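A.B. asks: sequence first, predicted coordinates after that:
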Amino acid sequence: MNDAPHYDVIVIGTGAGGGTLAHRLAPSGKRILILERGGFLPRERDNWDSTAVFVKGKYRAPEFWLDKHGREFPPEVNYYVGGNTKFYGAALFRLRPEDFGELRHHDGMSPAWPVRYEDLEPYYTQAEHLYRVHGRHGEDPSEGPASAQYAHPPVEHEPRIQQLSDDLEKQGLHPFHLPIGVDLVQDAAGRATPSSVCIRCNRVDGFPCLVRGKSDAQVVCVEPALRHPGVELVTGAHVLRLETDPTGRTVSSVVARLDGGEEARFSADIVVVACGAVNSAVLLLASANDRHPRGLANSSDVVGRYYMRHNNLALMAVSKEPNDTQFQKTLALHDWYLGADDFDYPLGGIQMLGKSDAEQIHGEAPRWAGAVTPNMPFEVMAHHSVDFWLCGEDLPLPDNRVTLDGDGRVHLALDETHNTAGLDRLRHKLQSMLGHLGMHEHHLLDHSLYLHKGMPIGATAHQAGTVRFGTDPASSALDVHCKAHDLDNLYVVDTSFFPSIGAVNPSLTAIANALRVGDHLLERLG
């Protein structure tokens, strides 16, 4: 394919990183090619069906990775335009200023970033406005300074969650409105107005949005980018490897297998990888050649290493009063984010999850046998459920890593017990408060179906860290602009670049960084 067109920029991947970057570059008039492994997610009723999405995993990629023992597991990955943002909960938090510096944890040190909170702050604001984040800066005492207020007011609490917020305040705590990306217009009572795209339903978390009300990368970034002349999207293009010129300093070809099975080659002045932390590492490792025997951008041997995915717990409490909430994901609590009076190390954060329904609870039933009162049917339990997400920091370890075997299969080694003491404390804090929050005191049940049937290693939604950036080429793969130290035209803009992950959802930081790198590339492209 020597007559294949040459582009100014090729972006591989359409999620929070790649989709946002393409959006930032699109108005420049440059020739931009976006390659996406999957197609467009079909719009169908199953998008909002719990059994299809959670129990059967209908939209999950039909692939298996191997753990450090060689056992297969299904990763929580989806290959569609918009990437994993099609299924994320759209909770769009900033990292705390402290997360950018060294932070001592129970089991070790969370390393400093080569940029400060202040460097990313203007881009956080741009990201919040672009992704229609609803919230209110100033409510969360742990957050850093913001140069502008959210463009949209918080999503109002429904009565049961407002009661929870009030009860937490009575405990001396500081609950705040969870920042969430939705295309919502509310009336005075907090209901969706007739013109609102978002309808305030109970399908916000883990489901793709049938009415396009969730701020995913397809809706917010990719489709608007494609309206600019010079921007093209090829779906069903699984990029297999990157080839370099004889010097090894320049990516000369992007080789992809198309839907029909044939291979195609594409070339560009600048190549940007944004396949997700695991698959970006896989692509760089699979691109090894004589000049780069350990894989591209990997003279430091860090590519694939330092994988992080948060120490997470999805928990369901049982409320004494019915919980009629539909849109439950409106509240978060960070009082113990950096520590507690009885623990000197960070615990992490608590936020609401989307509302459990009877199908999800039915899927958990065998695990919960005898754990709750036997005279409480699943439908009743679902009506009384209040769902929490506990998020603690996962520390970057060199042996938590992605590797490829001789058959090209993905291996993910992970120590699932490291630095979990803070998360255990956080769970204990929540458990001890249940009685004061109008809930049954001993009913705090692991919601493993949300984490794909209790396989923590399979919960890859918050994957990060495998192609870390830094100032020292001996200990990092990328420079501060997310360009590979070893190559002149290769960038990585998904969550791979994170040196640490903090204890909030990583999406907004990936979006903000993509905007930052986009400005750098616009300058470079002239």
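C.D. replies: Structure received.

A.B. asks: pretty sure Leu258 sits against Leu240.
C.D. replies: No: with contact defined as Cβ atoms under 8 Å, Leu258 does not count as touching Leu240 (10.7 Å). Heads up, the C-betas are built off the backbone N, CA and C, glycines and all.

A.B. asks: now could you export just the CA positions of the lengthiest strand in the chain as PDB?
C.D. replies: When the chain is parsed with DSSP state E, its longest strand is strand 263-273. Only the C-alpha atoms of strand 263-273 are listed here, as PDB (Å, rounded to 0.1, in the frame of the first residue of the first chain):
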ATOM      1  CA  GLU A 263      -3.600  -5.700   6.700                       C
ATOM      2  CA  ALA A 264      -3.300  -2.000   5.900                       C
ATOM      3  CA  ARG A 265      -0.500   0.500   6.400                       C
ATOM      4  CA  PHE A 266      -0.900   4.100   7.400                       C
ATOM      5  CA  SER A 267       1.700   6.800   7.900                       C
ATOM      6  CA  ALA A 268       1.800  10.200   9.600                       C
ATOM      7  CA  ASP A 269       4.200  12.900  10.800                       C
ATOM      8  CA  ILE A 270       3.000  12.200  14.400                       C
ATOM      9  CA  VAL A 271       1.600   9.000  15.800                       C
ATOM     10  CA  VAL A 272      -0.400   9.000  19.000                       C
ATOM     11  CA  VAL A 273      -1.200   5.800  20.900                       C
END
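
A.B. asks: and it, what does it pack onto?
C.D. replies: In terms of contacts (3 or more Cβ pairs under 8 Å, 6 or more residues apart in numbering; DSSP states H and E), strand 263-273 is packed against strand 6-12, strand 32-35, strand 238-244, strand 251-257, helix 277-286, strand 490-492, helix 507-525.

A.B. asks: any idea which element the nearest residue to Val219 once chain neighbours are set aside lies in?
C.D. replies: Closest residue to Val219 apart from its sequence neighbours, by Cβ to Cβ, 6 or more residues apart in numbering: Arg212 at 5.2 Å. Using DSSP states H and E, Arg212 maps to neither a helix nor a strand.

A.B. asks: close enough to count as contact, Arg212 and Val220?
C.D. replies: No: when contacts are counted by Cβ under 8 Å, Arg212 is not listed as touching Val220 (9.8 Å).

A.B. asks: on that earlier part again, contacts only, for the residue nearest to Val219.
C.D. replies: Shown in contact with Arg212 (Cβ atoms under 8 Å, 6 or more residues apart in numbering): Asp183, Val197, Val219.

A.B. asks: tabulate those residues (JSON lines), appending pLDDT and secondary structure.
C.D. replies: Shown next, in JSON lines, are the contacts of Arg212 (pLDDT from 0 to 100; DSSP: H, G, I helix; E, B strand; the rest coil):
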{"residue": "Asp183", "pLDDT": "98", "secondary structure": "coil"}
{"residue": "Val197", "pLDDT": "98", "secondary structure": "coil"}
{"residue": "Val219", "pLDDT": "98", "secondary structure": "helix"}
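
A.B. asks: name the member of these with the most neighbours.
C.D. replies: Val219 (23 neighbours; other Cβ atoms under 10 Å).

A.B. asks: any idea how far the residue nearest to Val219 is from Asp167?
C.D. replies: Distance, Arg212 to Asp167, by Cβ to Cβ, to the nearest Å: 35 Å.

A.B. asks: next: Gly135.
C.D. replies: From Gly135 to Asp167 the distance is 21 Å (Cβ to Cβ).

A.B. asks: of the two, who's got more company?
C.D. replies: The residue with more neighbours, out of Gly135 and Asp167, is Gly135; 28 against 16, by other Cβ under 10 Å.

A.B. asks: so what's that one closest to, chain neighbours aside?
C.D. replies: Distance criterion Cβ to Cβ, 6+ apart; nearest residue to Gly135, sequence neighbours excluded, is Pro179 at 3.5 Å.

A.B. asks: wait, that neighbour touches Phe93, no?
C.D. replies: Yes: with contact defined as Cβ under 8 Å, Pro179 counts as touching Phe93 (5.9 Å).

A.B. asks: shared neighbours of those two, anything?
C.D. replies: Leu508.

A.B. asks: look at the two and report which has more neighbours.
C.D. replies: Pro179 (29 against 26).

A.B. asks: OK, contacts around that one?
C.D. replies: By Cβ under 8 Å, 6+ apart, the residues touching Pro179 are Ala91, Leu92, Phe93, Glu128, Val133, His134, Gly135, Tyr150, Leu508.

A.B. asks: what about Val302, helix or strand, and which?
C.D. replies: Applying DSSP H and E, one finds Val302 in no helix or strand.

A.B. asks: so how many other residues sit close to it?
C.D. replies: 24.

A.B. asks: for it, which residues are in contact?
C.D. replies: Pro398, Val467, Arg468, Ser475, Ser476, Ala477.

A.B. asks: nearest to Pro42, of the residues you listed?
C.D. replies: Proximity of the contacts of Val302 to Pro42 (Cβ to Cβ) peaks at Val467, which lies at 31.4 Å.

A.B. asks: against Phe469, how distant is the residue nearest to that closest one when sequence neighbours are not counted?
C.D. replies: Closest residue to Val467 apart from its sequence neighbours, by Cβ to Cβ, 6+ apart: Ser496 at 3.7 Å. Using Cβ to Cβ, Ser496 is found at 9 Å from Phe469.

A.B. asks: out of those two, which sits in the busier spot?
C.D. replies: Ser496 (33 against 23).

A.B. asks: that one belongs to a helix?
C.D. replies: Yes: the assignment for Ser496 (DSSP: H, G, I helix; E, B strand; the rest coil) places it in a helix.

A.B. asks: mind checking how far it is from Asp486?
C.D. replies: With Cβ to Cβ as the criterion, Ser496 and Asp486 are 15 Å apart.

A.B. asks: pLDDT score for Trp368?
C.D. replies: pLDDT for Trp368: 60.

A.B. asks: Leu445: which element?
C.D. replies: strand 439-446.

A.B. asks: which other helices and strands contact that strand?
C.D. replies: For strand 439-446, the packing partners by 3+ Cβ pairs under 8 Å, 6+ apart are strand 311-319, helix 358-368, helix 421-433.

A.B. asks: immediately after the second one, which helix or strand?
C.D. replies: Downstream of helix 358-368, the first helix or strand assigned by DSSP H and E is helix 378-384.
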